[in-house]
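Colleague: Okay, predicted coordinates and the sequence, questions at the end:
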Amino acid sequence: IEAYAQKHGKNELPAALVEAIAEQTTLEVPLLAMLQQWASDREFYWRAQALQGLAKRAPLLPAERQQPLSELFVSHHSDPAWLVRVFARFGTALLGDTTVIAQTELDPRATSKLTALLLQSGQVPPLQPLLDALADERTFLESPWGQSRALEANKALKNWLGADYPIHEGQSEPDKAAAIARLMVAIEEKSGQQLRLPSIL
């Protein structure tokens, strides 16, 4: 991979390859070094995925090897790219600092994405961002980014709720707001959190 990147440039690496590496949790030193180098390169197209790979691996490392990654994550908490911020904060949370969840975030994609990641990792953060995402139907330049948020949020909640997920195959609600209200009850019962029913956007 390094030889290919040196010859053709890192940005010629296929996104699928970087994502496949990010999804794994192998801890070879050369691989970790490569991910750190990618994550620190502001010109690299897939640096968010590199941070994702480091975030997933960080909790598996001994404490002395976690510290450099912790510092790397913190340095990207306010990155201009929303997905970079998400994986940097995700890494920090996985290393035990859950205060990062409360950091100010203006991009709704980032708040729901981070919440979904944490829920999938076994943590139960405040779940309002996922409920809000379910009601998002906004588009931009014909891109249904709101629906993408809703699908991601629904998947995370369905996996977490398991048998408590209230809408089963073949069932339907009169409208989307009613479905969200029903789901909110199930989330509150399992999490103990008090949530606010969002308006459809």
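Modeller: Structure received.

Colleague: what's the lowest-mean-pLDDT helix or strand in the chain in contact with?
Modeller: Sorting the helices and strands of the chain by mean pLDDT, DSSP states H and E puts helix 2-8 at the bottom, at a mean of 90. If you take C-beta atoms under 8 Å, 6 or more residues apart in numbering as the criterion, helix 2-8 is touched by Glu12, Leu13, Met34. C-beta coordinates here come from the backbone N, C-alpha and C atoms, glycine included.

Colleague: rerun at 10 Å
Modeller: Lys10, Asn11, Glu12, Leu13, Pro14, Leu17, Pro30, Ala33, Met34, Gln37, Trp38, Phe44 (C-beta atoms under 10 Å, 6 or more residues apart in numbering).

Colleague: now those: which count as buried?
Modeller: Buried members of the contacts of helix 2-8, counted by 16 or more other C-beta atoms under 10 Å: Lys10, Leu13, Met34, Trp38, Phe44.

Colleague: Give me the subset of these that lies in helices.
Modeller: Of the buried ones among the contacts of helix 2-8, the ones assigned to helices by DSSP state H are Met34, Trp38.

Colleague: Need the buried ones among the contacts of helix 2-8 in CSV (columns: distance to Gly162).
Modeller: Formatted as CSV, the buried ones among the contacts of helix 2-8 follow (distance: C-beta to C-beta, whole Å):
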residue, distance to Gly162
Lys10, 40
Leu13, 37
Met34, 37
Trp38, 35
Phe44, 38
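
Colleague: Closest one of the buried ones among the contacts of helix 2-8 to Leu161?
Modeller: Trp38 (35.2 Å; C-beta to C-beta).

Colleague: ok, the closest residue to the closest one other than its chain neighbours - contacts?
Modeller: Leaving aside its chain neighbours, Trp38 sits nearest to Ala50 (3.7 Å; criterion: C-beta to C-beta, 6 or more residues apart in numbering). Listed by C-beta under 10 Å, 6+ apart, the contact partners of Ala50 are 10, 18, 21-22, 34-41, 44, 84, 87.
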